[in-house]
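Following is a predicted model, sequence given first.
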Amino acid sequence: MRYRKLGKTGLEVSEIGLGAEWLERHDSREIKEVIDTCEAQGINILDCWMSEPNVRSNIGAALKGRRERWIIQGHIGSTWQKGQYVRTRCMPLVKAAFEDLLARLGTDYIDLGMIHFVDEAAEFERIMSGEYIDYVRGLKKDGVIRHIGLSTHNPAVAKMAALSGEIEMILFSINPAFDLLPPTEDINQYFADEYDEALGGIAPEREELYRICEHLEVGITVMKGYAGGRLFDARTSPFGVALTPVQCLHYALTRPAVASVMAGYDTPEHVLMAVAYENASAEEKDYASVLARAPHHAYSSGQCTYCGHCAPCPAGIDIAMVNKLYDLASMHREVPAAVRAHYRQLSANAADCTECRGCESRCPFHVPVVERMKLADNLL
């Protein structure tokens with residue numbers, strides 16, 4: 001298992017995580033089997049947003065005696081009312097639900113205290129100026145939560161959070177289909193049967209979000225990495241072609257600032273299918289060729305997705321990294337010192353390009369790599 005830094009939190013998280021939502025439909029024995037398998041495979045981060053009491057208790061029982069081995073994303077504002085989940089900002093209910101989460105998980109602290117499910121800009125502004133954020137700040141001051149996070153599906157809200165200076169990490173929905181869509185406050189729009197090819201590639205708002213988070217060191221953990229499993233079947237995939245779990249994971253993990261994907265598991269076998277990513281070949285990880293050949297192809301020609309399909313470079317250049325740093329630097333009037341330093345520390349950079357164009361022949365999206373290497377060298 002490989003581990004990544006989660007922004008500026010100082011936490012090292014497994015790049016494959018556990019999104020515990022699917023565990024709601026399982027008993028205590030089955031939940032323990034999944035968590036045991038995750039731990040044996042090196043997974044060390046789990047997300048628990050669910051308010052249903054039994055699943056919280058069952059997760060807590062499975063973690064008993066090994067709490068310190070896990071980094072927990074615990075949500076604030078997810079409540080259980082009259083036998084059903086309700087998202088709320090009513091403070092007595094928020095506080096009671098969070099105290100219940102601590103008690104049922106058998107812990108006195110949560111590593112990542114998540115402001116739960118904010119998809120509207122107006123709601124984010126209300127949260128950040130009212131008693132809700134005061135409560136969250138108090139939890140952090142008292143050490144009950146170690147870091148403040150936020151979950152959202154809306155890149156506009158995620159950008160506001162990243163720029164706030166207070167939100168340290170974001171749980172955000174990322175997969176090849178969702179990335180085509182512009183910001184919206186209606187989550188249902190993300191689950192369309194097909195997407196208009198006129199969208200022309202990754203939405204610029206999403207590209208900007210990833211670069212802002214990378215620059216500000218606001219870590220991202222990923223939800224909806226499989227689009228609820230829709231991407232695994234050509235009949236339900238908006239591209240008209242099926243992707244594998246490994247391809248979906250590789251897509252998410254090649255976005256800037258992403259540290260971990262919170263995958264959902266029903267069984268230990270599902271865990272092993274995800275962890276197979278760690279030893280997968282370049283061919284098995286290759287989502288780019290699949291998307292480029294899809295019957296409902298919607299990715300722009302010339303748009304770098306950092307897929308790494310351009311490798312290997314005979315000059316040893318990490319072309320995807322150079323492109324990523326160039327795109328990050330291009331956001332600013334002046335190149336950030338940290339970006340320039342990272343670029344200059346590469347063992348080979350754009351200045352070493354021999355213009356052999358082998359990379360261009362391998363790129364599924366026809367990126368003008370040599371031209372971008374010249375631009376990167378001039379800028380960085």
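Structure received.

From now on I want contacts and neighbour counts done on CA atoms only, so please keep to that.
Noted.

Are there helices or strands packed against the longest helix anywhere in the chain, and which ones?
Looking across the chain with DSSP state H, the single longest helix is helix 91-105. Judged by 3 or more CA pairs under 8 Å, 6 or more residues apart in numbering; DSSP states H and E, helix 91-105 is in contact with helix 53-63, strand 71-76, strand 78-81.

Quick check: which of those is buried the most?
Greatest average neighbour count among the helices and strands packed on helix 91-105 goes to strand 71-76 (a mean of 24), per mean count of other CA atoms under 10 Å.

what's next to that one, contact-wise?
Strand 71-76 has contacts (CA atoms under 8 Å, 6 or more residues apart in numbering) with 13, 44-49, 94-95, 97-98, 101, 110-116.

what pLDDT, on average, does that strand get?
Average pLDDT, strand 71-76: 98.

so how far is that strand off the chain centroid?
The chain centroid and the centroid of strand 71-76 are separated by 15 Å, computed with CA atoms, centre = their mean, to the nearest Å.

and residue 149, that one's in a helix?
No. Under DSSP: H, G, I helix; E, B strand; the rest coil, residue 149 falls outside any helix and is assigned strand.

Next one: it from residue 285, what distance?
Per CA to CA, to the nearest Å, residue 149 is found 29 Å from residue 285.

So for the two, which sits in the more crowded spot?
Neighbours were tallied for residue 149 and for residue 285 using other CA atoms under 10 Å; the higher tally belongs to residue 149 (29 against 23).

Correct me if wrong: the more buried one contacts residue 114.
Yes. The criterion here is CA atoms under 8 Å, and residue 149 meets it with residue 114 at 4.4 Å.

just to revisit the earlier point, and the longest helix of the chain with strand 71-76, angle?
150 degrees (axes from the mean of the first three to the mean of the last three CA atoms, to 10 degrees).

Would you list the phi and psi of residue 373?
Here is the backbone geometry of residue 373 (degrees, to the nearest 10): phi -60, psi -40.

Can you tell me the closest non-neighbouring residue to it?
Nearest non-adjacent residue to residue 373, counting by CA to CA, 6 or more residues apart in numbering: residue 350, 4.8 Å away.

need the contact list for that neighbour.
By CA under 8 Å, 6+ apart, the residues touching residue 350 are 317, 319, 322, 373, 374, 376, 377.

which residues of the stretch 101-250 of the chain fall in strands?
Per DSSP state E, counting those that start in this stretch, the stretch 101-250 of the chain carries strands over the ranges 110-115, 145-152, 169-173, 219-223.
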